[in-house]
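Next one to model:
(chains A and B)
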2 protein chains.
Amino acid sequence: MMQIPKDIAIVGSGLVGSLLAIYLRKLGHKITVFDRRPDIRTVEFSGRSINLAMSNRGWKALREVGIEDIIKKIAIPLDKRAMHIGENPVYYQKYGKEGEAIWSISRGVLNRKMIDLAEEAGVQFRFNEKVWDIKLPQAKLFTGESEKSEWQEYRFDLVFGCDGAFSRIRHKMQRRSRFDYSQDFLDVGYKELTIPPNEDGSHKLDKNSFHIWPRGKFMFIAMPNIDGSFTCTLFLPFEGSVSFESITDKSEARAFFKTHFPDVSGYIENLAMDFFKNPTSALVTMKCYPWTYWDKVALVGDSAHAVVPFYGQGMNAGFEDIYKLYQWIGRYGDDWEAIFRAYQEDRKPNADAIAELSYRNFIEMSSKTADPMFLLQKKIEKRFAERHPDKWIPVYSRVTFSDRPYAEALALGDAQEAIMQKIMKMPDIEEIWDSQQVELEILDALAAQRSNEVSRQP
Amino acid sequence: MMQIPKDIAIVGSGLVGSLLAIYLRKLGHKITVFDRRPDIRTVEFSGRSINLAMSNRGWKALREVGIEDIIKKIAIPLDKRAMHIGENPVYYQKYGKEGEAIWSISRGVLNRKMIDLAEEAGVQFRFNEKVWDIKLPQAKLFTGESEKSEWQEYRFDLVFGCDGAFSRIRHKMQRRSRFDYSQDFLDVGYKELTIPPNEDGSHKLDKNSFHIWPRGKFMFIAMPNIDGSFTCTLFLPFEGSVSFESITDKSEARAFFKTHFPDVSGYIENLAMDFFKNPTSALVTMKCYPWTYWDKVALVGDSAHAVVPFYGQGMNAGFEDIYKLYQWIGRYGDDWEAIFRAYQEDRKPNADAIAELSYRNFIEMSSKTADPMFLLQKKIEKRFAERHPDKWIPVYSRVTFSDRPYAEALALGDAQEAIMQKIMKMPDIEEIWDSQQVELEILDALAAQRSNEVSRQP
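This next block holds a predicted model:
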């Protein structure tokens, strides 16, 4: 498939910007990527990242342009969660069926590789060039040293804003009338920390696990890198009795880790150092609409829909945007107005759905993990899903290991939750949870939902 | 009450900006008001305004600084709605009890008077001076011809952003981390139109009524001015079969009015002219938080909480902000950090509540007025409120004629709605709606809610 060649600018050389560049080059376009930051291949990576979890949607988008295998070489498959709870030994939860895994990748390592691949495909990168303004109807970009300096003007046929949650391109669209927009921050922030490799280069914890230390109001996670290290993330309230604010020096940081994460206390010296070296970052859910302007400008990835990281789907959703955009190009050829319209109408409800699912996962992890009734509910669901894998697809699997729309996964989750609300009200559910009675009750409720659905059809 | 005098800037010379200036002058401060637009007293007013409905909260704020009586002279009391429905003669709905009214004021006339009063109080106005940037920690303002021109720098002790829904001051706060923000537009826009006075200067429609022509998806309203004219507002979808988009010339505009508003067709020539002279404006709900920065900067009025106009409370809420701010000054003296903290924590839930109430009124007017069950529900509520005025305060009255917090009014409305949901499910409710059975059922439900409330208290 080739299109009438266009002169296209992409603002942002992150993961979404560089993958989109590869896609559009394959379609025959001239591509210039602007980034306000220096070339990530020439600098140390930031220290404010959470490792990425590539899952089905991400891989599918890479496969389409033939780079799945290259990227798999820098990724580590994680087929299970490793739960570090209290004094107990670690216990493991398989993610899915045999062969299903999410893949841990360092954001920096992946981004460098993607830029290499885009350059090989013929994409031109303009690093250290800051875009300050855009004239939307003419797809004109203005760049310069500072907001008030002399600006250079570029005119393109199309501009894609892949410049992240705090997108400059969206910022300009946002000032137009009838542009819906929201940004909502969590009271929990995060900080990147590192567990170094053993001296022989091997991993200090099980390599093929997503390690989690859930602690109610806060949480620590660790994801492996190919160099033997783990990129860890501490999620912690900004303020309060146990919070970033309350940890003011290294000895307090050390005490905090010793108290709450005793099984990583062997690496604490390093963690306590990182704690004060690395910044504390905020977590935001950003929604907006529309995502496009005429046949000139479109937002893709975080600039259109930033989510909190608790479902590991931020990058996957951005890559799926590109994959879907490509499908619409296949359908509408060179009619960019039709392509953009279909793209945003297709993706918006799914972006909203993954935002909601990601936020719910945060609530679940931070406030429900201590609730015995919630844990019992999860146990009942798990048991039922094992017995009836065709009838009860866990929402996590639907999101992570399928390519069905996120909005469907959200609806599926709501339907399952409605059933479980009834089940949890059964008398003596604590005693009978593993009984045939409960199993039949769920089956009945599922059948009732199905017949309702059928009767709703015209 | 006097405070340690401060050098204070207010950005925006609208209604909230000028009233706040009067309040702060009374406390002994030096006040400079910046406005990017020319002095409203020297120019024709914009043609994109909806007349204001001053109600209890607004009057109370004016009374506190002794200007209620002056403003009442330019306002007209409206004690009822005049409903223009179909071919029927107009029918009237009293707003409240004897003596309760909302007051119609032209925004332009009121704003001019408020600026006069502020100037008399010693406030300095700097019109035609555009604020482009603010350094929040230093309360420094930057003004100039354009965003990229040379800027003049001013340093103040405090800055108040009263620059409306698209506030420049908030815009700067919004770019900070952990600033929650949302803007949501309706698919319905509005246009100002005018019904001129009779030749003898009298009003063409009943002068002491708020005139409404509800038409489901769209609506026309008219509010009187002291010069005998009416400022009218047409609310209409932007797109669709009957929409701003679908009316493309004067004859289509004339036909639209003739079809849907036959009893104003005598004035149609004028309306059709205004239709193309005046802009079509959008309606937005804007929420944000926090509203203040240290002891330096605070947002007041629409810049902190813009609501859709369907409850007539936008200005009243802004004036109440000022009244409450003044109460907190009385409490905390010169501790501006404490004042600002208390102000935003006090006002935020109430701003959210009036935003929700205003949005619900839009939904009610645009989609429920055609639903016979909804109209029956309103009839039952009205009947019950007449019989038990102590037990059922209509939410409209609570919002409009009391000074109890908006959040309480919203909660009251939810509690009433929960009761009515049950009532509407009573068998044969269409037949028995006016019976003692229904009355007793509502009384029981109210008693049950009350005893629930009591039992929830510790």
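
what's the nearest residue to A:Gly240 if we skip its chain neighbours?
Take A:Gly240 and drop its neighbours on the chain: the residue closest to it by CB to CB, 6 or more residues apart in numbering or on different chains is A:Ser246, 7.1 Å away. From N, CA and C alone the C-beta is placed, and that goes for glycine too.

Which single helix of chain A contains the most residues?
The single longest helix within chain A, with elements called by DSSP state H, is helix A:336-363.

Pull the distance from that helix to the chain's centre.
Counting by CA atoms, centre = their mean, to the nearest Å, helix A:336-363 is centred 13 Å from the centre of its parent chain.

avg pLDDT for that helix?
Computed over helix A:336-363, the mean pLDDT rounds to 97.

Show me which residues of that helix are buried.
A:336, A:339-344, A:346-348, A:350-362 (16 or more other CB atoms under 10 Å in any protein chain shown).

ok but A:Leu110 is inside a helix, no?
Yes - counting by DSSP: H, G, I helix; E, B strand; the rest coil, A:Leu110 is part of a helix.

which residues in chain A form helices?
Under the criterion DSSP H, helices of chain A are mapped to A:15-26, A:56-64, A:68-72, A:107-120, A:168-174, A:250-260, A:268-277, A:314-332, A:336-363, A:372-387, A:395-400, A:406-424, A:429-432, A:436-456.

could you dump the ones you listed to TSV with distance to A:Pro197?
Formatted as TSV, the helices of chain A follow (distance: least, CB to CB, whole Å):
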stretch	distance to A:Pro197
helix A:15-26	25
helix A:56-64	25
helix A:68-72	21
helix A:107-120	15
helix A:168-174	38
helix A:250-260	19
helix A:268-277	11
helix A:314-332	24
helix A:336-363	30
helix A:372-387	34
helix A:395-400	27
helix A:406-424	36
helix A:429-432	45
helix A:436-456	46
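
Quick check: which of those helices is nearest to chain B?
The closest of the helices of chain A to chain B is helix A:168-174. By CB to the nearest CB, the value is 7.8 Å.

what residues does the closest one touch?
Applying CB atoms under 8 Å, 6 or more residues apart in numbering or on different chains, the external contacts of helix A:168-174 come out as A:11, A:131-134, A:136, A:159, A:161, A:163, A:179, A:181, A:288, A:290, A:293, A:297, A:299, A:303-304, B:183.

for stretch A:102-114, same thing?
With contact meaning CB under 8 Å, 6+ apart, stretch A:102-114 is reached by A:13-15, A:18-19, A:22, A:40-41, A:45-46, A:49-55, A:59, A:70-72, A:74-78, A:95, A:210, A:223-226, A:231, A:312, A:400.

Same question for stretch A:334-342.
Contacts of stretch A:334-342 with the rest of the structure, by CB under 8 Å, 6+ apart, involve A:3-4, A:158, A:291-292, A:294-296, A:298, A:325, A:328-329, A:331-332.

How about the residues of chain A by chain B?
Neighbours of chain B within chain A, by CB under 8 Å from any CB of the partner chain: A:148, A:166, A:174-175, A:177-185, A:238, A:282.

Identify, from these, the entry nearest to B:Met273.
The closest of these to B:Met273 turns out to be A:Ser177 (CB to CB; 23.8 Å).

do you know how far the closest residue to the closest one other than its chain neighbours is from B:Glu129?
Among residues not flanking A:Ser177 along the chain, B:Ala282 sits closest, at 4.5 Å (CB to CB, 6+ apart). Distance check for B:Ala282 against B:Glu129: by CB to CB, to the nearest Å, it reads 27 Å.

again, but for A:Pro224
Going from A:Pro224 to B:Glu129 by CB to CB gives 58 Å.

Looking at those two, which one has more neighbours?
A:Pro224 (28 against 19; other CB atoms under 10 Å in any protein chain shown).

just checking, the more buried one touches A:Lys207?
Yes - applying CB atoms under 8 Å, one finds A:Pro224 in contact with A:Lys207, separated by 5.0 Å.

got any residues that touch both of these two?
Counting by CB under 8 Å, 6+ apart, the residues touching both A:Pro224 and A:Lys207 are A:Ile76.

Neighbours of the residue in the stretch 1-150 of chain A that chain B sits nearest to, how many?
Per CB to the nearest CB, A:Lys148 is where the stretch 1-150 of chain A lies closest to chain B, at 6.1 Å. When neighbours are defined as other CB under 10 Å, A:Lys148 has 15 of them.

wait, what's in contact with it?
Contact analysis of A:Lys148 by CB under 8 Å, 6+ apart lists B:Lys148.

and it, how far is that from A:Lys130?
Per CB to CB, A:Lys148 is found 12 Å from A:Lys130.

And for A:Lys382?
A:Lys382 is 50 Å from A:Lys130, by CB to CB.

Who has more neighbours out of those two?
Taking neighbours as other CB under 10 Å, A:Lys382 and A:Lys130 compare with A:Lys130 leading, 18 against 13.

Have a look at chain A and report the helix or strand with the lowest mean pLDDT.
With mean pLDDT, DSSP states H and E as the measure, the helix or strand of chain A carrying the lowest mean pLDDT is helix A:268-277 (a mean of 82).

Look up the pLDDT of the residue most central in space within chain A for me, please.
Residue closest to the mean C-alpha point of chain A, counted by CA atoms, centre = their mean, is A:Gly314 at 2.0 Å. At A:Gly314, the predicted lDDT confidence score is 97.

Walk me through the domains of chain A.
Domain assignment for chain A, taken from automatic domain parsing, gives A:7-77+A:100-182+A:286-361, A:184-282, A:371-456.

can you put the ones you listed in JSON lines and add distance to B:Leu271?
Converted to JSON lines, the domains of chain A look like this (distance: least, CB to CB, whole Å):
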{"stretch": "domain A:7-77+A:100-182+A:286-361", "distance to B:Leu271": "23"}
{"stretch": "domain A:184-282", "distance to B:Leu271": "42"}
{"stretch": "domain A:371-456", "distance to B:Leu271": "44"}
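
returning to what we had before: counting contacts, what elements does the least confident helix or strand of chain A pack onto?
Contacts defined by 3 or more CB pairs under 8 Å, 6 or more residues apart in numbering or on different chains; DSSP states H and E place helix A:268-277 against strand A:180-195, helix A:250-260.

Would you mark the buried spots in that helix?
In terms of neighbour count (16+ other CB under 10 Å), helix A:268-277 has its buried residues at A:268, A:271-272, A:274-275.

nearest to B:Val33, of those?
The closest of the buried residues of helix A:268-277, once distances to B:Val33 are taken by CB to CB, is A:Phe275, at 46.8 Å.

isn't the closest one right up against A:Ala253?
Yes - applying CB under 8 Å, one finds A:Phe275 in contact with A:Ala253, separated by 4.5 Å.
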